[in-house]
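**Student:** no letters, just coordinates:
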């Protein structure tokens, strides 16, 4: 379970450079920083994150620099004599106003980003996401497609207490499900989140947001994915025993591939309805 | 007049019981302060043991030691024990010991209430800790007790609710006592703007307690009736609202955050000028900044729940008020730095902890600022980034200030100097390991690891292992703290009344250890002036 030998020093180096405030974009591969994501919103969030992080690093370097300078310069063992001044209205007004102005500088782009996120209008399609203990249900509101999505079986076997299975041998351990959520790229997708029992939260970092799934509420959010690919996430609100075991996998397909998938799902659904309908009719009698 | 003479005369007619009865019936602020501090230390180790279980399970991917339900009960109980059992009683313990001595009073204003507010706590925590052995296990829905999940708790549920009620009653009684003491028992000449900052921050804390704890009591009572009496305050199916609980809870919960940290600001504001041999920079701006933080703490609560889906105007309001807290908090940090500027510092253990507090608490403040920005919080929320944030402000913030204060006043309390070498060893072991423990958690959170999960995907394995190793070392290092305290209580070099050459304040005019009743006659106004820095 130890790190591979060649990887460890790099990881330490990356950690050290993060501490020193080296632009973290270069280190995204190391799993140190927020993902840039694949939606216009996630990129906005990433830029905002880097801006605020940068501001914090600069202020931190100045403040901590002053502290460390004081520690070395103003120590009794160096013969430092204490001054007796203990106030200065000018300085105090200055260090109240300057942070205030910096905050305004941060609040402007943050407000724009928030307005962008909350604008769910003009969407091309709607997917209703319902959280249950401990799985997700997806409903394509316009297409009549709906299904559950639960933790993949090999992960489920490996995650049992003392299973004896090495998690590293399981592909996408705890981040794989039986039925992926399939969406088209380039379309503005409106997500409606709700829950059937307790509160859950639907989170795919590459989309740039998470949103709580609350019984009795329907929350709106949106995403417009730029690139085809598979994006993984997890439930982000404590929802009981298996909170850690209800991942989310999104497959973003090109428009043609998506249309083909919809057609396949629809025919399968009709097939299933055709075969179960007589049984249901009998059962009702 | 001589304190020693007053003390001597007093002992002739003051026969207090000995043995266990002394501790059960005591109304003395120092005895009660000591009991609070010992209780808090025990809870610190119980809560710490739970953290060790958490870090052991997270040492590597896969489940090795505990099942997920027990893991969740550990995270829940760890938080409840640390917040309500370790940090809050520790602050009340400091207040009991120090406030009468700092304001020139003989004791607290309401000594019997004082006894009662302490003795509620052992019952509260017996109730709470016993739930771990009940059918269905301890509460596992998180310390925030969000419904509907918390209503799935087993036999532990009513015990959890009543334990919270008891803790709340104890805190409110303690807060009333502190307010009554400070407003009625100050020595003549000790005006409000001459109070030591620890007293100031504690008064503000006490008002926060009185305003916020009843809100918590209301929230958990509604949970109780939802569970057992068929009400539907928080059930959507019955016409109630699960999000309303979160609003009510965090209306308590955010002031609670400042209840945990404001007294820390007071302690650090006492320690830095002492070892810098220079007056505190900006005393009045410190008082105003504390009051501003306390006011703001009541209008920022929804930043804990940005992802519940509030209207845009609500999200903007709570974002603006939240980031605004950076201004008064920044003023405090700048004031401490300005106090160190052109000073003459020495680095005894209390000073080391105080300087580490300023730096590490500020790191927690930076991540707090980042979390306060709503659109980005949609990514950070409920990840390990949040875990890193609140452990930086609570462990290297509140707990570090508690340790700094303990080392600072231990010679006054016991009359002996503590072992400086061991104290410094404790500091360095703690400070290195606590950063190995919590700093990588920022990366884990940014890389996408949710909090409150017992097992994780393999890409998080390396940082979790590093974090756990830091955790084990930090946990073990705290045993040194106990060794230092026990050694100091048992003996050591005799401490002078002044103890630290740069110390100012009324408590340092009393003998070490101080007499049973601190000031039987009020100190002279010149003494109060002399204590002002």
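**Tutor:** Received the coordinates, thanks. Because the structure is a prediction, the values reported are computed rather than measured.

**Student:** C-alpha only now, for contacts and for neighbours.
**Tutor:** OK.

**Student:** number of nearby residues for the closest residue to residue A:124 other than its chain neighbours?
**Tutor:** With C-alpha to C-alpha, 6 or more residues apart in numbering or on different chains as the criterion, residue A:124 has its nearest non-adjacent residue at 5.3 Å, and that residue is residue A:188. When neighbours are defined as other C-alpha atoms under 10 Å in any protein chain shown, residue A:188 has 19 of them.

**Student:** and residue B:338, by the same measure?
**Tutor:** Using other C-alpha under 10 Å, residue B:338 has 21 neighbouring residues.

**Student:** so what's the spatially closest residue to it that is not a sequence neighbour up against?
**Tutor:** Nearest residue to residue B:338, sequence neighbours excluded (C-alpha to C-alpha, 6+ apart): residue B:281, at 6.1 Å. By C-alpha atoms under 8 Å, 6 or more residues apart in numbering or on different chains, the residues touching residue B:281 are A:85, A:86, A:87, B:335, B:336, B:338, B:339.

**Student:** mind pulling up the pLDDT for residue B:281?
**Tutor:** Predicted confidence (pLDDT) for residue B:281: 95.

**Student:** now residue A:284
**Tutor:** 43.

**Student:** quick revisit: may I ask which of the contacts of residue B:281 has the most neighbours?
**Tutor:** residue B:339 (27 neighbours).

**Student:** circling back: out of the contacts of residue B:281, who's nearest residue B:327?
**Tutor:** residue B:335 (12.3 Å; C-alpha to C-alpha).

**Student:** can you tell me the SS state at the nearest residue to the closest one once chain neighbours are set aside?
**Tutor:** Closest residue to residue B:335 apart from its sequence neighbours, by C-alpha to C-alpha, 6+ apart: residue B:281 at 5.4 Å. At residue B:281 the chain is in coil, as set by DSSP: H, G, I helix; E, B strand; the rest coil.

**Student:** now swap in residue A:36 and tell me
**Tutor:** Residue A:36 ends up coil, using three-state DSSP.

**Student:** any low-confidence regions in the stretch 151-300 of chain B?
**Tutor:** Judged against pLDDT under 70, the stretch 151-300 of chain B has no low-scoring part.

**Student:** for chain A, what are the nearby residues on it?
**Tutor:** B:236, B:237, B:241, B:242, B:276, B:277, B:278, B:279, B:280, B:281, B:282, B:283 (C-alpha under 8 Å from any C-alpha of the partner chain).

**Student:** nearest to residue B:80 among the contacts of residue B:281?
**Tutor:** residue B:336 (31.1 Å).

**Student:** can I see the domain layout of chain A?
**Tutor:** A:28-74+A:89-119, A:125-269 (automatic domain parsing).

**Student:** return the most buried member of the ones you listed.
**Tutor:** Comparing the domains of chain A by mean neighbour count (mean count of other C-alpha atoms under 10 Å in any protein chain shown), domain A:125-269 comes out on top with a mean of 20.

**Student:** most centrally placed residue in the chain?
**Tutor:** Just going to use chain A. In chain A, the centroid-proximal residue (C-alpha atoms, centre = their mean) is residue A:205; its distance is 2.6 Å.

**Student:** meant chain B, my bad for not saying
**Tutor:** residue B:87 (3.3 Å).

**Student:** list the contacts for that residue?
**Tutor:** Applying C-alpha under 8 Å, 6+ apart, we find residue B:87 in contact with B:40, B:260, B:398, B:399.

**Student:** which of those residues sits closest to residue B:172?
**Tutor:** Scanning the contacts of residue B:87 for proximity to residue B:172, where the rule is C-alpha to C-alpha, the winner is residue B:260, at 14.3 Å.

**Student:** against residue B:434, how distant is the closest one?
**Tutor:** 19 Å (C-alpha to C-alpha, to the nearest Å).

**Student:** so residue B:94 sits against residue B:37, correct?
**Tutor:** Yes. Using C-alpha atoms under 8 Å, residue B:94 is in contact with residue B:37, at 7.5 Å.

**Student:** and for the two, which residues touch both?
**Tutor:** Applying C-alpha under 8 Å, 6+ apart, one finds that no residue jointly contacts residue B:94 and residue B:37.

**Student:** and the residue of the stretch 151-300 of chain B nearest chain A?
**Tutor:** Closest contact between the stretch 151-300 of chain B and chain A, by C-alpha to the nearest C-alpha, is at residue B:281 (4.2 Å).

**Student:** okay, now residue B:133: neighbour count?
**Tutor:** Residues near residue B:133, counting by other C-alpha under 10 Å: 11.

**Student:** sorry, slip of the keys, the one I care about is residue B:364.
**Tutor:** Residue B:364 has 22 nearby residues by other C-alpha under 10 Å.

**Student:** next to chain A, which bits of the stretch 351-500 of chain B? Give me the list.
**Tutor:** B:359, B:363, B:366, B:370, B:373-376, B:378-379, B:381-383, B:443-444, B:446-448, B:450-459, B:462.

**Student:** which of those are buried?
**Tutor:** For these, a burial check counting by 16 or more other C-alpha atoms under 10 Å in any protein chain shown picks out B:359, B:363, B:366, B:370, B:373-376, B:378-379, B:381-383, B:443-444, B:446-448, B:450-459, B:462.

**Student:** following element in sequence after the strand or helix carrying residue B:441, please.
**Tutor:** Element membership for residue B:441, per DSSP states H and E: helix B:420-446. On the C-terminal side of helix B:420-446, the closest following helix or strand by DSSP H and E is helix B:461-490.

**Student:** for the record, mean pLDDT for that next one?
**Tutor:** pLDDT averaged over helix B:461-490 gives 96.

**Student:** hey, what's the angle from it to helix B:420-446? Just curious.
**Tutor:** 150 degrees (axes from the mean of the first three to the mean of the last three C-alpha atoms, to 10 degrees).

**Student:** which strands and helices sit next to helix B:461-490?
**Tutor:** The helices and strands touching helix B:461-490, judged by 3 or more C-alpha pairs under 8 Å, 6 or more residues apart in numbering or on different chains; DSSP states H and E, are helix B:29-57, helix B:400-414, helix B:420-446.

**Student:** switch to 6 Å and redo it
**Tutor:** For helix B:461-490, the elements it packs on are helix B:420-446, judged by 3 or more C-alpha pairs under 6 Å, 6 or more residues apart in numbering or on different chains; DSSP states H and E.

**Student:** tell me the buried residues in the helix it packs on?
**Tutor:** By 16+ other C-alpha under 10 Å, the buried positions in helix B:420-446 come out as B:423-424, B:426-431, B:433-446.

**Student:** which stretches of chain A form strands?
**Tutor:** For chain A, strands defined by DSSP state E occupy the ranges A:125-132, A:135-140, A:145-149, A:181-184, A:189-195, A:200-204, A:209-213, A:219-223, A:229-235, A:248-253.

**Student:** and the shortest one, what does it pack onto?
**Tutor:** Here strand A:181-184 is seen to pack against strand A:248-253 when contacts are counted using 3+ C-alpha pairs under 6 Å, 6+ apart.

**Student:** who does the strand it packs on pair with, and is each partner parallel or antiparallel?
**Tutor:** Partners of strand A:248-253 in the sheet, by DSSP bridges, are strand A:181-184 (parallel), strand A:229-235 (antiparallel).

**Student:** can I get these in a markdown table with mean pLDDT?
**Tutor:** Output for the strands paired with strand A:248-253, formatted as a markdown table (pLDDT from 0 to 100):
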| stretch | mean pLDDT |
| --- | --- |
| strand A:181-184 | 97 |
| strand A:229-235 | 96 |
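
**Student:** who are the packing partners of the helix holding residue B:441?
**Tutor:** helix B:384-393, helix B:461-490.

**Student:** winner for burial among those helices?
**Tutor:** Across the helices and strands packed on helix B:420-446, averaging neighbours per residue (mean count of other C-alpha under 10 Å) puts helix B:384-393 on top, at a mean of 23.
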